[in-house]
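Colleague: sequence plus predicted model, see below.
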Amino acid sequence: MKKAIAILGSTGSIGKQCLEVVSIFPSRLRVVAIAAKDEVDLIVEQVKKFQPKIVSVLNDEVKAKVEAKLPGANVEILTGNDGLIKVAMAAEAKMVIVAIPGSLALTAVLEAVKLKKDIALATKEVLVAAGEVFMNEVKASGVKVWPIDSEHSAIAQCLRGEDKKTVKKLILTASGGPFLKTPIEKFAQMTAKEALKHPTWKMGPKITIDSATLMNKGFEVIEAHYLFGIDYANIEVVIHPESIIHSMVEFVDGSIKAQLGAPDMRVPIQYALLEEERQANHWGRLDFGKISGLTFAKPDKVKFPCLEYAYVAGKAKGMLPAVLNAANEEAVSQFLKGKFNFDQIAVKIKAALDKHQNKENPSLDDILAADRWARENVI
């Protein structure tokens with residue numbers, strides 16, 4: 001029987017790769033709902049190929065353009081946040097793939113969990129901004145969360161069959177981004193064009209900048225804490241430029257398990273969508289004969305302070321992780337628009353964290369309010 005899925009962010013990098021996986025397994029997966037933004041031609045192409053019953057787009061203008069290109073199509077087209085939520089709540093969907101960057105999908109994902117839909121999670125911000133709220137809802141509903149991030153997929157694979165009590169620490173690997181070897185003195189000159197040249201992965205612009213600041217890895221630390229129930233003191237980050245080892249787990253006896261593979265997101269996506277069932281690889285494979293070496297280094301927290309900000313916010317809990325996430329999102333947005341250079345991203349995030357008054361055990365409304373506050377205070 002085909003598993004029905006809904007995709008939040010079908011036109012983004014992860015969303016498109018999810019649909020590639022669906023295309024390879026048409027007898028296993030079918031798409032019943034998608035949410036996109038304003039990529040009219042691509043949305044139309046996806047509707048024609050995958051025939052979802054519900055589609056959400058940015059606004060009425062985009063909706064009119066899509067409808068004009070789909071005369072007579074049997075599809076309901078919705079708009080805005082309400083449309084996004086309805087896609088997440090699509091009655092037939094058994095799994096919701098969350099691939100929208102930023103905190104936009106938070107409310108929609110929580111509604112899906114309440115309806116007992118499993119979650120395939122690529123969007124870091126859900127766990128970063130509202131980890132406590134989200135995981136409490138997951139436990140109450142009894143649903144499963146399948147990580148799509150290559151790092152968290154790697155850890156999940158390393159933990160299969162193991163007793164969590166024997167885990168010493170989680171080791172998240174980081175490519176180091178495009179500025180790994182760039183002297184810190186040059187950061188004030190670095191522009192968005194230069195920061196978008198990631199050496200290993202092809203990703204969307206926001207996550208690519210997060211990789212350049214190492215904020216992306218900081219977010220992954222917070223995610224790992226919630227996904228695997230491991231204390232922050234036992235989650236380590238190591239720079240691994242080749243991106244061959246996707247992450248590792250060290251056990252109390254000193255043994256270390258590592259998950260290796262070609263740097264291709266479709267592999268962990270397939271693993272998540274098929275719920276950890278291993279099927280034939282149709283993507284890239286690792287050829288050890290072509291690997292000249294694997295290198296590792298500790299992250300430079302002076303050059304890349306965002307990583308430490310994530311540890312601090314994660315340990316503080318409350319609303320501070322939501323402030324971290326929103327301030328970062330706004331700072332990256334302004335950077336991509338050319339309003340300032342690379343070195344100012346961390347400065348603006350730190351200023352927002354220092355200014356905010358934290359609150360323990362926040363509600364979802366508190367978290368969303370903190371999100372709005374942080375965006376308004378990144379100037």
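Modeller: Yep, that arrived.
Colleague: quick one: the strands in the stretch 151-300 of the chain, in order.
Modeller: Assigned strands in the stretch 151-300 of the chain, in chain order: 167-174, 235-239, 245-251, 256-260 (criterion: DSSP state E, counting those that start in this stretch).
Colleague: of those strands, which approaches D366 most closely?
Modeller: Minimum separation from D366 across those (Cβ to Cβ) falls at strand 235-239, 25.6 Å. Every C-beta, even on glycine, is put in place using the N, C-alpha and C of the backbone.
Colleague: for that closest one, give the mean pLDDT please.
Modeller: For strand 235-239, the per-residue pLDDT values average out at 98.
Colleague: list the helices and strands it packs on?
Modeller: Counting contacts by 3 or more Cβ pairs under 8 Å, 6 or more residues apart in numbering; DSSP states H and E, strand 235-239 packs against strand 167-174, helix 215-228.
Colleague: what's the distance between the residue with the largest distance to the centre of the chain and K48?
Modeller: Here the chain reaches farthest from its C-alpha mean at G72, the gap being 35.4 Å by Cα atoms, centre = their mean. Distance, G72 to K48, by Cβ to Cβ, to the nearest Å: 12 Å.
Colleague: of the strands of the stretch 151-300 of the chain, which approaches K303 most closely?
Modeller: Per Cβ to Cβ, nearest to K303 of those: strand 235-239, 11.0 Å.
Colleague: need the contact partners of the worst-scoring helix or strand of the chain on mean pLDDT.
Modeller: For the chain, counting by mean pLDDT, DSSP states H and E, helix 192-195 ranks last in confidence among helices and strands (a mean of 86). Counting by Cβ atoms under 8 Å, 6 or more residues apart in numbering, helix 192-195 makes contact with G177, P178, F179, P205, T208, I209, A212, F335, L336, G338, F342, all of which sit outside it.
Colleague: neighbours of E92, how many?
Modeller: Residues contacting E92 under the criterion other Cβ atoms under 10 Å number 13.
Colleague: where does it sit: helix, strand or coil?
Modeller: Classification of E92 by DSSP: H, G, I helix; E, B strand; the rest coil places it in coil.
Colleague: surely it and P52 touch.
Modeller: No - contact criterion Cβ atoms under 8 Å: E92 and P52 do not qualify, at 10.0 Å.
Colleague: quick one: common contacting residues for those two?
Modeller: Joint contacts of E92 and P52 (Cβ under 8 Å, 6+ apart) are V32, A33.
Colleague: report the rounded mean pLDDT for stretch 94-109.
Modeller: Stretch 94-109 comes out at a mean pLDDT of 88.
Colleague: and that stretch, what's buried?
Modeller: Neighbour-count burial for stretch 94-109 flags 95-109 (criterion: 16 or more other Cβ atoms under 10 Å).
Colleague: burial check on the closest residue to T295 other than its chain neighbours, number of neighbours?
Modeller: Excluding its sequence neighbours, the residue lying closest to T295 (Cβ to Cβ, 6 or more residues apart in numbering) is P241, at 6.1 Å. Residues lying near P241 (other Cβ under 10 Å) number 18.
Colleague: which one of the contacts of helix 192-195 has the most neighbours?
Modeller: Neighbour-wise, the contacts of helix 192-195 (other Cβ under 10 Å) top out at A212, 30 neighbours.
Colleague: low-scoring pLDDT stretches of the stretch 51-200 of the chain, where are they?
Modeller: Applying pLDDT under 70 to the stretch 51-200 of the chain flags residues 102, 199-200.
Colleague: kindly report the same for the stretch 251-379 of the chain.
Modeller: The stretch 251-379 of the chain contains no residues with pLDDT under 70.
Colleague: which residue is nearest the centroid of this structure?
Modeller: T123 (2.9 Å).
Colleague: beta partners of the nearest residue to it once chain neighbours are set aside?
Modeller: With Cβ to Cβ, 6+ apart as the criterion, T123 has its nearest non-adjacent residue at 4.6 Å, and that residue is V98. Beta-bridge pairing for V98 (DSSP bridges): L8, L121.
Colleague: thought V98 was touching E125?
Modeller: No - when contacts are counted by Cβ under 8 Å, V98 is not listed as touching E125 (9.4 Å).
Colleague: any common contacting residues for the two?
Modeller: Shared contacts of V98 and E125, defined by Cβ under 8 Å, 6+ apart, comprise A105.
Colleague: which residue ranges form the helices in the stretch 51-200 of the chain?
Modeller: Ranges of helices within the stretch 51-200 of the chain are 60-69, 80-88, 106-114, 124-141, 150-159, 192-195, based on DSSP state H, counting those that start in this stretch.
Colleague: now those helices in TSV, with distance to M1?
Modeller: Below are the helices of the stretch 51-200 of the chain laid out as TSV (distance: least, Cβ to Cβ, whole Å):
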stretch	distance to M1
helix 60-69	30
helix 80-88	22
helix 106-114	20
helix 124-141	22
helix 150-159	25
helix 192-195	45
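Colleague: pick the most deeply packed of the ones you listed.
Modeller: Comparing the helices of the stretch 51-200 of the chain by mean neighbour count (mean count of other Cβ atoms under 10 Å), helix 150-159 ranks first with a mean of 24.
Colleague: packing partners of it?
Modeller: So helix 150-159, by 3+ Cβ pairs under 8 Å, 6+ apart, packs with strand 145-147, strand 167-174, helix 215-228, strand 245-251, strand 256-260, helix 266-273.
Colleague: list the buried ones in the first one?
Modeller: Across strand 145-147, burial judged by 16+ other Cβ under 10 Å covers V145, W146, P147.
Colleague: please parse this structure into its domains.
Modeller: 3-147, 151-176+214-315 (automatic domain parsing).
Colleague: out of the helices and strands packed on helix 150-159, which comes closest to E376?
Modeller: Among the helices and strands packed on helix 150-159, helix 215-228 sits nearest to E376 (Cβ to Cβ), with 19.7 Å.
Colleague: only the C-alpha atoms, please, for the closest one, written as CSV.
Modeller: This file holds the C-alpha atoms of helix 215-228, laid out as CSV (Å, rounded to 0.1, in the frame of the first residue of the first chain):
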residue,chain,number,x,y,z
MET,A,215,25.2,28.5,12.9
ASN,A,216,23.8,25.6,11.0
LYS,A,217,25.9,23.3,13.1
GLY,A,218,24.8,25.1,16.2
PHE,A,219,21.2,24.4,15.3
GLU,A,220,22.1,20.8,14.7
VAL,A,221,23.5,20.5,18.2
ILE,A,222,20.1,21.8,19.6
GLU,A,223,18.3,19.4,17.3
ALA,A,224,20.4,16.4,18.4
HIS,A,225,19.7,17.2,22.0
TYR,A,226,16.0,16.9,21.5
LEU,A,227,16.0,14.1,18.9
PHE,A,228,18.2,11.8,20.9
